[in-house]
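[1] Starting from these lines, generate the structure:
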Amino acid sequence: MSYWLLKSEPGAWSWDDQKKVKTEPWDGVRNYQAQNNLKAMKFGDLCFFYHSVKEKRIVGIVKVVKEFYPDAKEPRFGQVDVAYVKDMTAPVSLKQIKKQPTLQNIPLIRQSRLSVMPLDKESWNLICEMGQTKV
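    Numbering: from 1, shown residues only. Modelled structure (predicted):
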């Protein structure tokens, strides 16, 4: 299993939106590096759901339920389907993440504009611990 972080502007697609529909395509990604990350996702992989812009915090967890397929709106790009898993017991802010020395090399810190990024298992586990959340 692999671990990921998906960023969304809450005004465009929020955690509350995701919870209501349960399963939804993660579409609209146009950056090629982020597209490559979507292509690498496998069924069952877990992803943090991150509210970007003003909130800048991890608010929940989703899992990949359909692997990469063409985006109907723009077929040269693709998407995956993700399903609600659970809320973070305590949302984890970017500020908290930046304070952790062992998280300084994750893409959220190094490539802050990337909307779909991989996480190693150790970083995933630490962030879950910070958010008082077990998966």
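[2] what is the rounded mean pLDDT of the longest strand anywhere in the chain?
    The single longest strand within the chain, with elements called by DSSP state E, is strand 74-93. The pLDDT scores in strand 74-93 average 97.
[3] Sheet-wise, list the partners of that strand with their directions.
    strand 23-26 (antiparallel), strand 57-71 (antiparallel) (DSSP bridges).
[4] name the helices or strands packed onto the lowest-mean-pLDDT helix or strand in the chain?
    Least confident helix or strand of the chain, by mean pLDDT, DSSP states H and E, is helix 107-110 with a mean of 94. Packing partners of helix 107-110 (3 or more CB pairs under 8 Å, 6 or more residues apart in numbering; DSSP states H and E): helix 94-98, strand 116-119. All C-beta atoms are positioned from the backbone trio N, CA, C, and that covers glycine.
[5] Which residue is the nearest non-sequential neighbour of Asn37?
    Take Asn37 and drop its neighbours on the chain: the residue closest to it by CB to CB, 6 or more residues apart in numbering is Val116, 4.3 Å away.
[6] what sits against the one you found?
    For Val116, the contacting residues are Trp4, Leu5, Leu6, Lys7, Trp26, Val29, Asn31, Ala34, Gln35, Asn37, Leu38, by CB atoms under 8 Å, 6 or more residues apart in numbering.
[7] redo that, cut-off 7 Å
    Trp4, Leu6, Val29, Ala34, Asn37, Leu38 (CB atoms under 7 Å, 6 or more residues apart in numbering).
[8] Confidence-wise, which of those comes last?
    Val29 (94).
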